[in-house]
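Visitor: got a predicted structure plus its sequence, pasted below:
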Amino acid sequence: MRRKTIYSILIALCIVGFWLFENFYTQDTYSDPEGGGLKTEIPPTWMPKSTTGAVVEHSYYTLSYNEPYEQAEWVAYLLKKSHLTQDDRERPFFIEDPKVKTKSADWRNYKGSGYDRGHLCPAGDRRFSEQAYNETFYTSNISPQDRDFNAGVWNRLELQIRAWARRYGELFIVTGGVLEPGLKEIGEEGVDVPKFYYKVIARGNPDEPEVLAFLLPGRESSRPLSHFMVTVDEVEKRTEIDFFKALTDDVETDLERNIRADAWKF
């Protein structure tokens with residue numbers, strides 16, 4: 001009888017311990033504590049404007065956090081041909097971003113929601129370094145995505161971008177969900193579920209780059225990626241974000257009002 005009581009107590013303690021770990025434990029940081037790691041420097045003329053002022057710089061990507069929507073309004077990063085390795089990385093925990101002053105959304109908001117924790121800067125683009133890979137698992141770098149969309153057309157676009165990086169050597173990507181009033185929310189913190197997602201891609205001369213933009217509804221589609229190409233002006237109109245704000249006015253105007261798909265091989 002006494003032995004059974006001890007076993008029951010041990011089982012209860014294990015259950016409580018597991019529950020506490022699942023609901024309260026998070027690792028502290030994936031960032032380089034010394035700040036001495038390699039960094040991916042983005043040309044200043046390519047950086048978008050933050051509408052919130054909450055810009056966070058990690059070693060391998062930069063983001064602008066939008067607290068009312070509990071996610072980044074944009075994540076910007078470089079993708080080089082040398083980044084595209086097949087290194088086998090162990091997936092870490094999703095954790096809150098220690099550099100977001102207002103605290104990024106807890107990953108538990110996504111539990112039971114029916115939505116994927118969709119990466120903005122893809123983990124697959126950062127296999128070349130353990131730190132670079134782990135940094136993509138900050139919750140500031142994820143957004144609620146329909147599972148079929150995340151694994152489908154969104155993944156196809158990410159694969160196409162990697163193909164361009166192999167062809168052209170280096171790309172700049174800025175991406176995020178379209179954050180607008182009236183969106184569905186999930187979790188206790190009210191993480192908004194975007195209806196549309198965008199990617200703006202640039203390459204070449206920092207002062208006069210080749211640019212391509214995509215705007216995708218957040219649901220699966222079998223349409224070709226070219227169907228989702230839009231002008232940068234269209235993305236700016238939907239997001240109220242100013243892209244390529246540091247370019248000269250005439251260059252910025254020309255880049256943002258035209259779709260120059262002929263400069264990109266599909």
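Guide: It's in. Residues are numbered from 1 along each chain as shown.
Visitor: which is the next helix or strand following the longest strand along the chain?
Guide: Counting residues, the longest strand found in the chain (DSSP state E) is strand 71-80. Moving toward the C-terminus from strand 71-80, the next helix or strand (DSSP states H and E) is strand 115-119.
Visitor: so what secondary structure elements neighbour that following strand?
Guide: In terms of contacts (3 or more C-beta pairs under 8 Å, 6 or more residues apart in numbering; DSSP states H and E), strand 115-119 is packed against strand 142-146, helix 147-151. (Glycine included, C-beta is placed from N, CA and C.)
Visitor: for it, buried residues please.
Guide: Y115, D116, R117, G118, H119 (16 or more other C-beta atoms under 10 Å).
Visitor: go through those and name the one nearest V235.
Guide: Nearest to V235 among those is G118, at 18.0 Å by C-beta to C-beta.
Visitor: which residue, other than its chain neighbours, is closest to that closest one?
Guide: Using C-beta to C-beta, 6 or more residues apart in numbering and skipping residues adjacent in sequence, the residue nearest G118 is Q145, 3.2 Å away.
Visitor: give the contact list for A105.
Guide: E70, Q71, E96, T139, G187, E189, V191 (C-beta atoms under 8 Å, 6 or more residues apart in numbering).
Visitor: dump these into JSON lines; add distance to L63, neighbour count and pLDDT as well.
Guide: Output for these, formatted as JSON lines (distance: C-beta to C-beta, whole Å; neighbours: other C-beta atoms under 10 Å; pLDDT from 0 to 100):
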{"residue": "E70", "distance to L63": "13", "neighbour count": "25", "pLDDT": "98"}
{"residue": "Q71", "distance to L63": "9", "neighbour count": "27", "pLDDT": "98"}
{"residue": "E96", "distance to L63": "13", "neighbour count": "18", "pLDDT": "96"}
{"residue": "T139", "distance to L63": "11", "neighbour count": "25", "pLDDT": "97"}
{"residue": "G187", "distance to L63": "20", "neighbour count": "18", "pLDDT": "97"}
{"residue": "E189", "distance to L63": "18", "neighbour count": "13", "pLDDT": "97"}
{"residue": "V191", "distance to L63": "15", "neighbour count": "26", "pLDDT": "98"}
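Visitor: tell me the one of these nearest W154?
Guide: Distances from W154 to the contacts of A105, taken by C-beta to C-beta, are shortest for Q71, at 15.3 Å.
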